[in-house]
Every structure is written in C-alpha cells, then in structure tokens.
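Colleague: need a structure here:
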Amino acid sequence: MHEQDNGLPRATAAPCTRSRPLPPYRGIFAVDAKDFTGLPAIEHEVVSRTVPDLIGTSLDRAGLAELWNDRKFPASTGDGYVLGFDPSLMPFVIHPWLFTLQEVLTEFNIHALGALPIRLRVSLHIGPLPDTGDEFGGNGTVRNDTHRLLDSRPVKAVLASSKENVTQVAAILSDRCYQDAVASGYTGRHPDHFIEVPATVEGKRFAQRAWIHVPLPSGPLNDLHMPGDAAGEGHGTDGDQEGTGRRDASEGIRVTNRAPNGNINTGTVHGGQRVMVTRRGTDA
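Modeller: Numbers count the residues shown, from 1 in each chain. Sure, this is the predicted structure:
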C-alpha cells in the first residue's frame with residue numbers, strides 16, 4: 001500500500017527495514033492459448049473472449065463455481081487469463097478441474113465449426129499475494145513466477161508434441177504447489193501422474209523445479225524426466241517398451257521410445273521428432 005503525503009502517494013518503507021504482515025496466501029493459475037500470435041488478427045478478440053468463458057464453464061462443471069464467482073485479481077492477458085483463489089481449493093483445481101477443462105475444450109473444438117481449435121497451457125502456483133481489490137492487486141513474485149512457468153520450455157514442448165486431436169491441456173505446477181497439494185496426498189491424483197522437469201524460459205533468468213501434468217496425454221510424455229534422474233534411464237511404460245529421458249545441452253530434454261524389433265522414436269520436448277527403423281537380433 002501507499003501512504004498519502006500532501007496529497008501525493010508516498011511509498012512505504014523499503015524492504016527489509018521493518019517487519020510487516022505477509023499478504024494472504026493465494027492459489028493462482030494462469031492459462032495461455034497455444035499459437036495465439038500465429039492466428040489472423042481478426043481471431044484474436046474472439047479467442048480472448050472465449051478463453052474466460054471456457055474457464056468459467058469448466059470450473060462450474062467441476063463443482064468449483066464458487067472459485068469463479070469469488071475469483072481474485074482476475075485479468076485477461078490477451079491470449080490467456082489469470083486469477084487468484086482460496087488456496088484450500090488447489091487440490092480440486094488440479095483434479096478434477098484440469099481434466100474437466102480438457103473435456104470442455106474437446107467439446108468446444110469439435111463443435112465450434114469454422115473456429116480454430118483452442119488448446120491451453122496452464123500454470124499453478126501458491127504463495128503470498130496482496131489482494132487490494134483494484135487493478136494493482138495480485139502483483140508479486142508468485143504471480144511473476146506463475147507466468148514464467150506458463151512460458152517455460154517443458155510445458156510448451158509437451159503440448160506442441162502432443163496430438164492436437166487428443167491433448168487439449170498441458171499443466172505445469174510449481175514445486176511448492178506440487179509439494180503442498182500433490183505429494184501431501186490431498187489431490188485425487190497419484191504423484192505418478194506428474195513428471196518433474198527443470199522449468200526454464202528462453203531469454204529469461206528463470207530456472208525452477210516444476211512438475212508437468214497432462215490430463216489426457218498423447219505422444220512421448222511418459223518418458224520425460226529430469227536430466228540426470230536415474231528413473232529416466234531404462235524406464236519402461238509397460239513390458240513391451242523401453243524409454244530413456246536425457247538432457248542434451250543444445251536441444252533440451254531428449255525423449256526416446258523403443259519397441260522390440262520395431263521403431264526407435266527419438267526427439268526433444270521442443271517438438272522435433274524423428275523415427276528410424278531398426279531390427280533387434282533374435283535367439284532363433
């Protein structure tokens with residue numbers, strides 16, 4: 001807040017000079033439409049108006065109408081939307097809302113004849129944010145990090161490499177959000193539904209531990225792991241496949257899927273992918 005001095009606003013004391021109460025803790029999520037800037041200009045306003053409608057519909061269907069009705073510091077970002085909410089609802093936002101959002105987007109994309117499909121990235125975070133009730137509310141490090149997570153390489157790459165007719169939502173959770181709501185057991189999704197990733201943003205000094213969750217995955221998601229994670233080496237999704245996840249300094253996180261006597265499918269989570277056919281020796 002600002003104090004008044006002769007009718008002019010005067011900033012409060014500098015940080016670390018005196019103790020003050022923490023702002024209230026808020027859950028916060030932001031969404032961003034894939035490939036928005038590549039749309040014709042005439043489509044921009046339509047998408048900007050449609051995204052909040054889809055969020056409101058999906059929250060209502062997920063039993064979270066109260067979150068939408070009581071949303072804090074809501075704002076359109078042009079190609080997306082951001083809002084704060086009671087952090088006790090975070091487990092329900094993670095599940096069932098993300099899956100419900102996937103369903104609502106699928107229905108919209110099927111029935112919106114003539115409209116370009118809308119696929120969304122979602123970032124989730126928890127932390128102290130001021131709620132002043134005006135256009136300046138909700139600003140702080142937690143909000144900044146929420147937008148950085150939304151723009152980070154892993155979540156962009158996962159959505160880009162997923163099948164557009166299957167996967168409509170890719171989410172990234174801050175580590176605080178994951179630890180508080182998922183690892184603690186409060187969310188109706190097992191931790192195995194989440195994949196740890198290094199969240200970095202091209203051109204920004206940002207690097208955080210984060211967690212990817214895709215409600216309806218397609219593509220190589222199951223083999224995405226933190227670089228150096230032992231679980232990523234020789235990790236199999238079932239008895240007929242082997243997978244490895246590793247980091248290449250020039251290409252980001254690499255993904256490899258192998259099937260015995262069949263294809264080796266390799267690529268990066270930036271979306272590049274190639275297939276080569278190999279034959280494995282038999283004991284005949």
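Colleague: who touches Pro128 in this structure?
Modeller: Shown in contact with Pro128 (Cβ atoms under 8 Å, 6 or more residues apart in numbering): 22-26, 140, 142. Backbone N, C-alpha and C define where each C-beta goes, glycine included.
Colleague: and it, how far is that from Leu59?
Modeller: Separation of Pro128 from Leu59 (Cβ to Cβ, to the nearest Å): 23 Å.
Colleague: that older thread, and which of the contacts of Pro128 is nearest to Thr132?
Modeller: Set against Thr132, the nearest of the contacts of Pro128 by Cβ to Cβ is Pro23 (9.4 Å).
Colleague: give me the pLDDT for the residue lying closest to Val104 once chain neighbours are set aside.
Modeller: Counting by Cβ to Cβ, 6 or more residues apart in numbering, Val104 lies nearest to Ser58, which is 4.2 Å off, once chain neighbours are set aside. On the pLDDT scale, Ser58 is placed at 98.
Colleague: Ser58 should be in a helix, yeah?
Modeller: Yes. Counting by DSSP: H, G, I helix; E, B strand; the rest coil, Ser58 is part of a helix.
Colleague: sheet partners, orientation included, of whichever strand or helix holds Val31?
Modeller: Using DSSP states H and E, the element containing Val31 is strand 25-33. Strand 25-33 sits in its sheet next to strand 80-85 (antiparallel), strand 120-128 (antiparallel), going by DSSP bridges.
Colleague: so what touches whatever helix or strand comes next after the shortest one?
Modeller: It stands for strand 80-85. Following strand 80-85 in sequence order, the next helix or strand is helix 90-92 (DSSP H and E). For helix 90-92, the external contacting residues (Cβ under 8 Å, 6+ apart) are 27, 62-64, 124, 126, 177, 180-182, 186-188.
Colleague: shaky segments in the chain?
Modeller: Of all residues in the chain, those with pLDDT under 70 make up the ranges 1-11, 35-44, 113-115, 220-284.
Colleague: rerun that using 80 as the cut-off
Modeller: Residue ranges of the chain with pLDDT under 80: 1-12, 35-48, 112-116, 134-136, 219-284.
Colleague: before we move on, the earlier item: from the contacts of helix 90-92, keep the buried residues only.
Modeller: Buried members of the contacts of helix 90-92, counted by 16 or more other Cβ atoms under 10 Å: 27, 62, 64, 124, 126, 177, 180-182, 187.
Colleague: please name the bridge partners of Trp211.
Modeller: With DSSP bridges as the rule, Trp211 is bridged to Leu173, Glu196.
Colleague: that one: neighbour count?
Modeller: Neighbours of Trp211 under the rule other Cβ atoms under 10 Å: 24.
Colleague: again, but for the one 5 residues further on
Modeller: Taking other Cβ under 10 Å as the neighbour definition, Leu216 ends up with a count of 16.
Colleague: what of Ser218?
Modeller: Ser218 has 13 neighbours, counted by other Cβ under 10 Å.
Colleague: on the three-state scheme, it is what?
Modeller: coil.
Colleague: got the contact list for it?
Modeller: Contacts of Ser218 were listed using Cβ under 8 Å, 6+ apart, and they are 162-163, 166-167.
Colleague: next, the contact list for Asn109, please.
Modeller: By Cβ under 8 Å, 6+ apart, the contact set of Asn109 is 117-119, 168.
Colleague: all helices of this protein, in order?
Modeller: Assigned by DSSP state H, the helices in the chain fall at 41-61, 65-69, 90-92, 98-111, 141-150, 153-161, 175-177.
Colleague: just name the most buried of those.
Modeller: Comparing the helices of the chain by mean neighbour count (mean count of other Cβ atoms under 10 Å), helix 153-161 ranks first with a mean of 23.
Colleague: reformat the buried ones among the contacts of helix 90-92 as TSV; add distance to Ile212.
Modeller: Shown next, in TSV, are the buried ones among the contacts of helix 90-92 (distance: Cβ to Cβ, whole Å):
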residue	distance to Ile212
Gly27	18
Ala62	20
Leu64	22
Leu124	11
Ile126	17
Cys177	12
Asp180	17
Ala181	15
Val182	12
Thr187	15
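Colleague: show me what contacts the closest residue to Leu149 other than its chain neighbours?
Modeller: Distance criterion Cβ to Cβ, 6+ apart; nearest residue to Leu149, sequence neighbours excluded, is Ser123 at 4.0 Å. The neighbourhood of Ser123, defined by Cβ under 8 Å, 6+ apart, consists of 29-31, 146-147, 149-150, 155, 171-174.
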